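In: Take this sequence and fold it.
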Amino acid sequence: MKYKTLLSSICALPVYLASVCFLHAQNPSDATNVSMQIDFVSWGEDISGLEVREGKSGTPVTALAFRYSEPFKYSGPQILALALGQPSDEVNRQKAGDLEAWRRSMEEEGIELPDAVFAPKEEQQAAVGGEIPESLAKAREEDPALAALVKLPTDSRRVTILLAPGPDSSLVPHVFDDDPARQPLGMVRVHNFSPHPISLRIVDGKTKELASGKNFLAPAPGAVFAYELAYKIEGKWKVQENNLVSIRPNQQMHMVVLRNGSSFFNSSDSSRGGFMQKALLRRTAK
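Out: Purely as a prediction, here's the structure:
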């Protein structure tokens with residue numbers, strides 16, 4: 001009888017192991033931990049009350065408007081949970097006022113804008129983000145303060161997370177993998193987060209066109225990134241600017257091109273220059 005029981009147990013073991021392997025394959029992130037430094041950056045105004053969630057408790061982190069602050073040292077699950085520890089009406093105000101503030105500022109400067117400038121809602125959401133992901137909606141049933149679930153790269157030691165205002169007090173994360181293998185020192189990664197195509201003519205004379213939501217890596221020979229920026233409206237290309245940006249060989253840089261009503265882009269007299277807004281995120285490697 002004992003031999004029969006032992007034989008049954010041995011026969012059942014492969015089935016059990018196969019089941020465990022299958023479950024692990026279905027949920028690989030459950031067993032994946034990462035360790036890295038994270039820079040949180042806000043898409044609009046500074047975000048207050050932002051927390052990295054660990055269970056129901058949170059660690060405060062800083063997300064400033066289009067600029068780096070102190071990096072956060074993170075070790076934990078690959079899926080990073082972010083919460084807004086304070087009432088998040090501020091995020092909704094940012095989203096509602098974003099393009100409207102930009103529209104008013106242009107009108108105050110006497111700039112006439114064609115209807116195509118204000119892209120359909122679907123186009124705008126392509127760059128910022130549409131509905132709340134199902135995974136976040138489900139997680140909010142347990143923790144209503146959750147604002148975003150961010151999937152981090154497993155083989156990186158440094159990332160930038162750009163947080164855009166999303167629907168229903170959520171945040172839409174855009175993860176920039178800053179591992180030197182993907183964001184080399186001394187080069188510039190250009191991101192198009194506007195709802196319009198853009199093009200850049202860079203130092204080698206080549207013109208690179210970028211659709212909304214796309215990016216590319218550009219060289220900066222001689223520690224200078226020289227470019228001509230243009231945007232496409234009603235089927236026509238219009239040049240916005242020619243510029244030179246310095247970047248040292250030991251620096252990483254992201255250039256984010258977008259349309260945004262944030263006060264960050266106002267000059268000292270509160271005026272705004274240019275149809276597109278542009279933010280530079282520059283970090284010096286240690």
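In: residue ranges of the helices in this protein, please?
Out: Here the chain has its helices, by DSSP state H, at 2-26, 89-108, 121-128, 134-140.
In: which of those helices has the lowest average pLDDT?
Out: Lowest mean pLDDT of the helices of the chain: helix 2-26, a mean of 40.
In: these two touch, right, Asn276 and Tyr231?
Out: Careful, residue 276 is Met and not Asn. Yes: contact criterion Cβ atoms under 8 Å: Met276 and Tyr231 qualify, at 5.6 Å. Heads up, the C-betas are built off the backbone N, CA and C, glycines and all.
In: Overlap in contacts, these two.
Out: Listed as contacting both Met276 and Tyr231 by Cβ atoms under 8 Å, 6 or more residues apart in numbering are Ser194, His196, Ile198, Gln240.
In: what bits of this structure have low per-residue confidence?
Out: Scanning the chain for pLDDT under 70 picks out 1-31, 86-130, 204, 267-273.
In: Would you mind measuring from Ser199 to Gly76?
Out: According to Cβ to Cβ, to the nearest Å, Ser199 and Gly76 sit 40 Å apart.
In: now swap in His254 and tell me
Out: 25 Å.
In: Neighbour count for the two, which is higher?
Out: His254 (21 against 14; other Cβ atoms under 10 Å).
In: How about the residue nearest to the spatial centre of the chain, nearest residue that isn't a chain neighbour?
Out: For the chain, the residue nearest the mean C-alpha position is His174 (2.0 Å; Cα atoms, centre = their mean). Once flanking residues are discounted, His174 sits nearest to Leu162: 4.3 Å by Cβ to Cβ, 6 or more residues apart in numbering.
In: before we move on, what about Gly186?
Out: Closest to Gly186 by Cβ to Cβ, 6+ apart is Pro249, at 4.4 Å.
In: pretty sure that neighbour is touching Pro221, no?
Out: No: using Cβ under 8 Å, Pro249 makes no contact with Pro221, being 10.7 Å away.
In: I figured Ala65 was touching Gly261, is that so?
Out: No: between Ala65 and Gly261 there is no contact under Cβ under 8 Å: 11.6 Å.
In: and Leu136, what does it touch?
Out: Leu146, Ala148, Leu149, Ser170.
In: for the third one, which residues make a bridge with it?
Out: Translated: Leu149. Ala81 (DSSP bridges).
In: Please tell me how far it sits from Pro219.
Out: 35 Å.
In: more neighbours, these two?
Out: Counted by other Cβ under 10 Å, Leu149 and Pro219 do not tie: Leu149 has more neighbours, with 19 against 13.
In: OK, contacts around that one?
Out: So Leu149 contacts Ile79, Leu80, Ala81, Leu82, Pro133, Ser135, Leu136, Ala139 (Cβ under 8 Å, 6+ apart).
In: who touches the spatially closest residue to Leu280 that is not a sequence neighbour in this structure?
Out: Closest residue to Leu280 apart from its sequence neighbours, by Cβ to Cβ, 6+ apart: Met255 at 5.7 Å. Met255 makes contact with Val188, Arg189, Val190, His191, Phe225, Val245, Lys278, Ala279, Leu280, Leu281, according to Cβ under 8 Å, 6+ apart.
In: one more time with 7 Å, if that's ok
Out: The neighbourhood of Met255, defined by Cβ atoms under 7 Å, 6 or more residues apart in numbering, consists of Val188, Val190, Lys278, Leu280.
In: again, but for Leu171
Out: Leu171 makes contact with Leu82, Val91, Ala147, Ala148, Leu163, Ala164, Pro165, according to Cβ under 7 Å, 6+ apart.
In: Distance to Thr32 and neighbour count for those - can I get that in CSV?
Out: Formatted as CSV, these follow (distance: Cβ to Cβ, whole Å; neighbours: other Cβ atoms under 10 Å):
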residue, distance to Thr32, neighbour count
Leu82, 18, 25
Val91, 29, 28
Ala147, 22, 28
Ala148, 18, 24
Leu163, 22, 23
Ala164, 25, 23
Pro165, 29, 26
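In: Take those residues and write them to a markdown table, including distance to Lys208.
Out: Output for the contacts of Leu171, formatted as a markdown table (distance: Cβ to Cβ, whole Å):
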| residue | distance to Lys208 |
| --- | --- |
| Leu82 | 32 |
| Val91 | 33 |
| Ala147 | 34 |
| Ala148 | 30 |
| Leu163 | 26 |
| Ala164 | 23 |
| Pro165 | 28 |
